[in-house]
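Colleague: model the following, please.
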Amino acid sequence: MRKMFLFLTIFPVVCFASEYDFKLHLPCGQNDVCAQFDSESGPVSLRKEPEMVIGEVNLISADINQDKFGRPELNLQMKPEVAKQFTAVTEKAIGSSIAIVVGTKIVSQPSVMQKIESESVRVSSGMGKEPFWSNIPWIKSKAAEKRNAIGEENNRSLMIYAGIGFALLLAALWFVFGRKK
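Modeller: Residues are numbered from 1 along each chain as shown. Predicted coordinates for the structure are as follows:
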């Protein structure tokens, strides 16, 4: 028992964000501890600690679709408690931007015009850009799960339609050949 206690005091249990989680950072203010993050346009100074982390465990589903212009779009369905935290973060960021950081790179930095009170959010890849989520394993996995569920539902519907069609064919055959005249 004592060895176990020493082990726990030497190696505390700490929850770290995965390198593939989305870390939401706000712009750096005068009294904030800041850090430099890489972006396509060069280094950007943001608050060192993220306001929140969104990872696989925070989501109900993730799906990849296309927006109205045919560009890839990531649709995330957050758990209710995570959505409340997201609402608070977007409320703090009204009039500025939220940097979405994956690893140490800023992958998107949308402007916030109003707080977002929805459990569902859509993230666009932008014009001509490869979606940043294309190399994130848990998003691929969640999207594949959703596609499989939709495929199973479509297969079930197809079987029902095939059964109805077969029944109608049998009824037509009986009407033509099986009736006593």
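Colleague: how many residues are close by the closest residue to F132 other than its chain neighbours?
Modeller: Of all residues not flanking F132 in the chain, V107 sits nearest, at 3.7 Å (CB to CB, 6 or more residues apart in numbering). Heads up, the C-betas are built off the backbone N, CA and C, glycines and all. Summarising burial for V107: neighbours were counted as other CB atoms under 10 Å, giving 20.
Colleague: same question for the helix or strand hosting V107, mean pLDDT?
Modeller: Taking DSSP states H and E as the definition, V107 sits inside strand 105-108. Across strand 105-108, pLDDT averages out at 84.
Colleague: tell me the buried residues in it?
Modeller: For strand 105-108, burial by neighbour count (16 or more other CB atoms under 10 Å) applies to I106, V107, S108.
Colleague: let me know the closest of the residues you listed to S41.
Modeller: I106 (9.2 Å; CB to CB).
Colleague: so what's W138 closest to, chain neighbours aside?
Modeller: W138 sits nearest to E56 (CB to CB, 6+ apart), 4.0 Å away.
Colleague: which of the helices and strands in the protein ranks last by mean pLDDT?
Modeller: helix 2-10 (a mean of 33; mean pLDDT, DSSP states H and E).
Colleague: I'd like the next helix or strand past that one.
Modeller: Assigned by DSSP H and E, the successor of helix 2-10 is strand 22-25.
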